[in-house]
Every structure is written in structure tokens, then in C-alpha cells.
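K.L.:
Give me a 3D structure for the following:
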Amino acid sequence: MASAAVCSTKQEELKKQQDTELKIGEVHDVQELQRACVDNVPERYVREGDDRPGGAKVCEQAHIPVIDLGELRRGGGDELGRLRIACEDWGFFQVVNHGIEGELLDEMEKVAREFFALPLEEKQRYPMAPGGIQGYGHAFVFSDDQKLDWCNMLALGVSPPSIRQPALWPTTPATFTDTLVRYSAMVRELCVVLLAHVAETLGLPSGTFEGMFGGEAAVQAVRMNFYPPCPRPELVLGLSAHSDGSAVTVLQQDAGRVGLQVRRGDAWVPVHPVPHALVINLGDSLEVLTNGRYKSVEHRAVTNGEQDRLSIVTFYAPAYDVEMGPLPELLADGEPCRYRRFNHGEYSRHYVTSKLEGKKTLDFAKID
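P.N.:
Next up is the predicted model:
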């Protein structure tokens, strides 16, 4: 817990320094742009070439795997094999029968939508500072010539308590905090269960990751992304291509609204929502721990000209004081070590102070 507090303090100091040094230019609230009925989008949102949604191949025929967690809990060997293949081949899958009640998922979506529907002045009571990672606004913006995403965000630290910033937790709607706390507790349990099964697919004891992540000090954060309709969806991205710095990420997305895309080879695969399923992806931390056997995967979000879209994303990662590096059990038989050892807090600071740019942040850990 003390180490998490130290890391949190260092991040606050870094943020204060960035507040005075960063020149990020004008960053519009995209909901306000959309409400103004602008026919075009500001130049800072316009992408070029392959960076545009239609600039690279989109494979509509492929689908990420669907894993039945209920079957895994019953000890289904076939389902464990499917999970292993999903981790090896995709790094992404949807999970059903995950144990989180649909009513709670709907409630979380409801309060998130109610927040984003508030007047701008109310949402600005919880501002994300330039270069910051908590509050309402735009994360990962570090220069005034950087391309922006067509997205408004509310990002909050959840666990351990030392990373929470209570002043940034909305008081409207009135049930927001209670709902998020209950939701986050259930998602945290899900992360622990998923990582236990991921360990089993590697031939490791099921408690391997839980034991090394620091228990209650394991880091959990949530980010709510709201993508309003865009008048020129063919020119912009809702969220730039990136991999996550977490060990595992849990994403709840709108039913019937496709926006998330996963890189597979030279193409992007849309993730079609399954009602009350949750999308799981492996993050950079797990890639390092498995020595690249399981890889984090780039993903992005595209926009729509007619419909808005909401996603609620939970990031689960080791405690800040955990020393990271490939697990010795996975370096047998002369397998080369592909990643150096480092403190997870060190990587977390590197990740949150870098713009979203594919998997570039993971270069930090690679052995050349």
C-alpha cells in the first residue's frame, strides 16, 4: 500500500510539472462539437492515409472467440483449450456466463450515460488536467500538433484507495459512486478468476498471478469512453490504435453498436457485441510475464455518423511495487528472455505519459 501511495505521489508531481510545461493547444469537447451541428471536423481530428478507418483492410468475416466462463468454472477441459487458443492467437475474446448480473451491467451503463448527458459545465467540475489520467476530458494528449480522438472520457482510479481522487468522482447522478463501487468489485473478482484460468493454460498453478500481483494492492482503474455521432466518421478515429498497459482489460460495450476493432495481421476485425458479454483483452504486463507467449494486441475505436456509443473499460494490473519480468517457469529449454526486469510502477508511469501509438510503449521493456 505504501508503495502505491509513493507511486501516486510521483504521478501527481509529474502531472504538476506537465501542467506548466505541456502545450496541448485547443482540445474541443466533442459532444459540444456534435451538438453545434458542425458539418466538418476540426483539422486536429482528421487522420491521414492508413490511419483513417477505411485506410486499412477491415475483415468483417472474422470474429474474436467467445469463452464460456461457466464451463471453465466446471472444469471443462475443452473450454480451457479454447481459452489457450484465444490467448495465443487473438489476445482478445468475449466472455459469457461470467457471473456479473445483467442488471448491474445495465445500471452501470445507465449512470455512465446519465453523466455524459449532463451539461458541459457540470462535467467540467471533474476536469482532467493536461497530461493527466483521471477526470473528465481527453487523456494521452501531450502536444498541440497531436491528432485527437473523437471521444470524451471519464477516467477514475479505483483500487488501491491511495490512487483514488474523490474530488473527481461525480456526485451526479446520485447513484454513480455506489454503482461504480459495486460494479468494480464484481469486475475485480472476474479478473482474478480469468487470470487463474489463464495461468492454467500455461501449465502454471491457478494462483500464480494472484499471488504475485500484490493482493489488495493490485491496481484497478476504470475509463468510460463516450463517442458521439461524427459528421465525418471516415476521417477520424474514436480512439487511436494502442495496446493496454494492464495485465487484463475488461470492456463493456453497447449492445448492437459496433465500434471496437482488433488488429489481426494486416487487417482490423470488428468486435460485434454479444448481449451482456464482456470483452477481455490481454495487456502489456501479461505479455512480459509470459515472455511473449501471450501478446497484447493493438485495438482502436471507430465512430458512427448516426449513433453514439459508450464503452466502460476496467484495467487490472499488478501493484506498483511488483517486479516485472518473464516468469522463470516459461524460460525453460533455452527459451530466450525477450523482456528485461523492471518495477511495474516504472512502466505505469512510462505508459501514462506516452501518447497512444500502437505497441510502441512496450519497447520500454524489450531486450534488443
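
K.L.:
Show me which residues of stretch 178-195 are buried.
P.N.:
179-180, 183-184, 186-188, 190-195 (16 or more other CB atoms under 10 Å). Yep, even glycine has a C-beta here, placed from its N, CA and C like the rest.

K.L.:
I should have written stretch 246-261 there, sorry.
P.N.:
Under 16+ other CB under 10 Å, the buried positions of stretch 246-261 are 246-254, 257-261.

K.L.:
Now pLDDT too, for the buried residues of stretch 178-195, in CSV please.
P.N.:
What follows is these, written out as CSV (pLDDT from 0 to 100):
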residue, pLDDT
T179, 98
L180, 98
Y183, 98
S184, 98
M186, 98
V187, 98
R188, 98
L190, 98
C191, 97
V192, 97
V193, 97
L194, 97
L195, 97
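
K.L.:
of the residues you listed, closest to Q146?
P.N.:
L180 (29.5 Å; CB to CB).

K.L.:
correct me, but L195 touches A247?
P.N.:
Yes. With contact taken as CB atoms under 8 Å, L195 and A247 are classed as touching, separated by 6.8 Å.

K.L.:
which neighbours do those two share?
P.N.:
Between them, L195 and A247 share these contacting residues under CB atoms under 8 Å, 6 or more residues apart in numbering: 209, 213.

K.L.:
Show me the strands in the stretch 1-150 of the chain, by range?
P.N.:
Shown for the stretch 1-150 of the chain, the strands assigned by DSSP state E, counting those that start in this stretch span residues 57-58, 66-68, 92-96, 135-137.

K.L.:
Out of the ones you listed, which is closest to V236?
P.N.:
strand 57-58 (15.4 Å).

K.L.:
Next, the residues that contact that closest one from outside, please.
P.N.:
In contact with strand 57-58 (CB under 8 Å, 6+ apart) are residues 261, 266-270.

K.L.:
Could you list the paired strands of it along with their orientation?
P.N.:
strand 267-270 (parallel) (DSSP bridges).

K.L.:
and the angle from the helix or strand just after the partner strand to strand 92-96?
P.N.:
Using DSSP states H and E, the helix or strand that directly follows strand 267-270 along the chain is strand 278-282. Per axes from the mean of the first three to the mean of the last three CA atoms, to 10 degrees, the angle that strand 278-282 makes with strand 92-96 is 140 degrees.

K.L.:
helices and strands around strand 278-282, which ones?
P.N.:
Applying 3 or more CB pairs under 8 Å, 6 or more residues apart in numbering; DSSP states H and E, one finds that strand 278-282 makes contact with strand 92-96, helix 176-201, strand 248-253.

K.L.:
contacts for it?
P.N.:
64, 67, 87, 91-95, 98, 100, 190, 194, 198, 244, 247-253, 260, 262, 271, 294-297, 299.

K.L.:
if we go to 7 Å?
P.N.:
87, 91-95, 98, 194, 244, 248-253, 260, 271, 294, 296-297, 299 (CB atoms under 7 Å, 6 or more residues apart in numbering).

K.L.:
follow-up on the earlier one: which one of the helices and strands packed on strand 278-282 lies nearest to Y45?
P.N.:
strand 248-253 (21.8 Å).

K.L.:
can you count the residues close to M212?
P.N.:
16 (other CB atoms under 10 Å).

K.L.:
Mind pulling up the pLDDT for it?
P.N.:
At M212, the model reports a pLDDT of 91.

K.L.:
From F93, how far off is the nearest residue to it once chain neighbours are set aside?
P.N.:
Distance criterion CB to CB, 6 or more residues apart in numbering; nearest residue to M212, sequence neighbours excluded, is V322 at 6.4 Å. V322 sits 25 Å away from F93, taking CB to CB, to the nearest Å as the criterion.

K.L.:
So between those two, which is more surrounded?
P.N.:
Under the criterion of other CB under 10 Å, the comparison of V322 against F93 puts F93 first, with 23 against 19.

K.L.:
rewinding a little: flag the least confident of the buried residues of stretch 246-261.
P.N.:
Comparing those by pLDDT, R257 comes last, at 86.

K.L.:
tell me the contacts of that residue?
P.N.:
273, 307, 309.

K.L.:
if you set the cut-off to 6 Å instead, what comes out?
P.N.:
307, 309 (CB atoms under 6 Å, 6 or more residues apart in numbering).

K.L.:
what about this protein, any weak spots by pLDDT?
P.N.:
Applying pLDDT under 70 to the chain flags residues 1-26, 37.

K.L.:
where along this protein do the helices fall?
P.N.:
In the chain, the helices defined using DSSP state H lie at 2-21, 30-35, 69-73, 77-89, 102-116, 120-123, 176-201, 208-212, 284-289, 344-352.

K.L.:
Deepest in the core, which of those is it.
P.N.:
Stretch with highest mean neighbour count among those: helix 284-289 (a mean of 26; mean count of other CB atoms under 10 Å).
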